[in-house]
Structures are given as C-alpha cells and as structure tokens.
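Q: build me a model:
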Amino acid sequence: MKIFVADTYEELSRQAAEDAITLMRSIKQPLVCPASGDTPAGLYKYFTTKKELAVSHWSFVGLDEWVGMDGNDEGSCLFHLKNQLFGPLHISQEKICFFNGRANDLDKECDNIEKFIQQHGTIDLAILGIGLNGHIGMNEPGTSPALRSHVTELDPLTKKTAQKYFKEQTEITTGITLGLATLMEAKHIFLLISGAHKANIVKRILEEEASAQLPGTLLRSHPGLTIYLDAGAAALIQPRTA
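A: Numbering: from 1, shown residues only. Below is the predicted model:
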C-alpha cells in the first residue's frame, strides 16, 4: 500500500491522473474501471487537458449504478461519467460496458459485466472513492467480500448522501455494483479521498481491523493499492506521508 498526500485537491487529482497515464502507457489494451462521484472528477478533468493523451485503445467497465436508472437519467452514475470522461475523451460506445439499472434482468447485467472483464483478462486499473460509511462502489457495510457483481440494498447514509447528485429529491433504494471479489482482482487500485469531511473515515480504514463492516479496510491487502489524499482528508492520520 502506498499513500500520497497532496496539499490540495487539484494536486491530488493531477498526481493520480499522471500516475494513471503512466500506468496505461505500459499496457497494450488497458481496461479501466472509473468510479463516478465528486472526488475522481478532477482526475477525469485532467485527462481532458492532455491533448496528446491517446485513449482509443482503452476500454472501460462500470463500477456501479442506481437500480432504476441508466445513462439517460440525470444523476445516474453513467450520466456523470458521460459528461466528465467518456464524452470529452470521445470514447466509442463499443469500448464501454456499463450496468443498465433499468434492465429487466439485473442478474444478466451482472453476468454481462463479469464476462466483459474476463474477455479483457482483468481490470488493469480501478479508480475508486469511498463513502462516509466506508463503502466501496455500492458494497455497503456488511457486504460479503466474496461477492462478485451483484444487486444490493443501499445503506441509509448512502441514500441520503446520494441526493446531492439529483436536482430534486429522488427515491433510491437499490444499487447494482461490482463486488469486492471482482475489484480485488484488479491489477491496480487508486483510491481517491478528498475533503475534511472524509478525515474520520480515512483514519478508520487505515487503522481499524480489516472487516466487511468497513469495506474500505479490505483494500489494504491489495498489492497494487495507492491511496491519494488531500490535506483535509489526511488531517487525522499520523504521519502525514507514508
């Protein structure tokens, strides 16, 4: 496990983006799993500023989605990634495999995602964030680490926090997500965490015993894990760098 502590969110985003670009240059046909959300948005924005960045050989697999939504729904995970990443980088549709939360057969959606990953060998880089309750993707506290892609009941805190992505109050109760077993098979994991409001969960995932009750702690055993923090998120850990 490596930890990078930046003074600012912008520095965090720039460093994570540069590290991702360097990593992808060493892989012939990389498969990237990008999280949606506020924290990785800066990394994706940095990608779009690199005019020389060649991504036509990259493929992307979705991390999670709200059940009942797809990329046409404002506030959906795919909607945000289209605006922040796929659209600006002109990623072709055949290079993207994403959960359709509106599908009638959600189990089939899970199978399709897993097959897409298998066709590429494995995920080369998973770009993740973490919830205030320690969730990874939509693997909520108490989720078995043995699960692969699955449908999950959302934690009350996740439901509450997710409202920031919607212009109006929106009822969400269920998600569909890559499981921890799938994510732990990724070659590299970048965990991005920013803001003083995340300082307590950073301290917990770094110091508490690894447990399914705090899914973020389970990532510590991954040999390719790098955690990127800004000063606010790192405020409660000592020392500030590792």
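Q: now I201, what's its secondary structure?
A: Under DSSP: H, G, I helix; E, B strand; the rest coil, the three-state class of I201 is helix.
Q: hmm, it is touching E208, no?
A: No. Applying CB atoms under 8 Å as the test, I201 and E208 come out as separate, 10.1 Å apart. Any C-beta I mention is one placed from the backbone N, CA and C, and that applies to glycine too.
Q: follow the chain on from the longest helix that the chain contains and name the next helix or strand.
A: Ranked by residue count and defined by DSSP state H, the top helix of the chain is helix 9-25. The helix or strand immediately downstream of helix 9-25 is strand 31-34, counting by DSSP states H and E.
Q: what sits closest to Q169 if chain neighbours are left out?
A: Leaving aside its sequence neighbours, Q169 sits nearest to Q163 (CB to CB, 6 or more residues apart in numbering; 6.4 Å).
Q: what do you get for H120?
A: With CB to CB, 6+ apart as the criterion, H120 has its nearest non-adjacent residue at 4.2 Å, and that residue is L31.
Q: helices or strands next to the longest helix of the chain in the packing?
A: Applying 3 or more CB pairs under 8 Å, 6 or more residues apart in numbering; DSSP states H and E, one finds that helix 9-25 makes contact with strand 2-5, helix 41-49, strand 125-128, strand 188-193, strand 225-229.
Q: mean pLDDT and distance to N100 added to the ones you listed, as CSV?
A: Converted to CSV, the helices and strands packed on helix 9-25 look like this (pLDDT from 0 to 100; distance: least, CB to CB, whole Å):
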stretch, mean pLDDT, distance to N100
strand 2-5, 97, 35
helix 41-49, 95, 22
strand 125-128, 98, 20
strand 188-193, 98, 25
strand 225-229, 98, 29
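Q: can you report how many residues neighbour the residue nearest to H120?
A: When neighbours are defined as other CB atoms under 10 Å, L31 has 23 of them.
Q: next one: it from G137, what distance?
A: The spacing between L31 and G137, counted by CB to CB, to the nearest Å, is 16 Å.
Q: now do I193
A: From I193 to G137 the distance is 14 Å (CB to CB).
Q: who's more crowded, the two?
A: G137 (29 against 22).
Q: and the pLDDT at that one?
A: You'll see G137 listed with a pLDDT of 97.
Q: now do the contacts for it.
A: The contact partners of G137, by CB atoms under 8 Å, 6 or more residues apart in numbering, come to 35, 63-64, 128, 177-178, 183.
Q: out of these, which is nearest to A235?
A: Closest approach to A235 among the contacts of G137 (CB to CB): L128, at 20.6 Å.
Q: list the contacts of that closest one.
A: With contact set as CB under 8 Å, 6+ apart, L128 has these partners: 35, 40, 63, 136-137, 183, 189-192, 219.
Q: so which of those comes closest to Y9?
A: L192 (9.5 Å).
Q: tally of neighbours for the closest one?
A: Neighbours of L192 under the rule other CB under 10 Å: 28.
Q: that one contacts E11, doesn't it?
A: No. Between L192 and E11 there is no contact under CB under 8 Å: 12.0 Å.
Q: show me the contacts for the spatially closest residue to E140 that is not a sequence neighbour.
A: Leaving aside its sequence neighbours, E140 sits nearest to D155 (CB to CB, 6+ apart; 4.3 Å). Taking CB under 8 Å, 6+ apart, we find D155 in contact with 131, 133, 135, 140-141.
Q: I201 and E208 - which one has more neighbours?
A: I201 (20 against 13).
Q: how far away is the more buried one from F116?
A: Relative to F116, and taking CB to CB, I201 is found at 30 Å.
Q: against K164, how distant is H197?
A: Using CB to CB, H197 is found at 12 Å from K164.
Q: no no, I189
A: I189 is 25 Å from K164, where distance means CB to CB.
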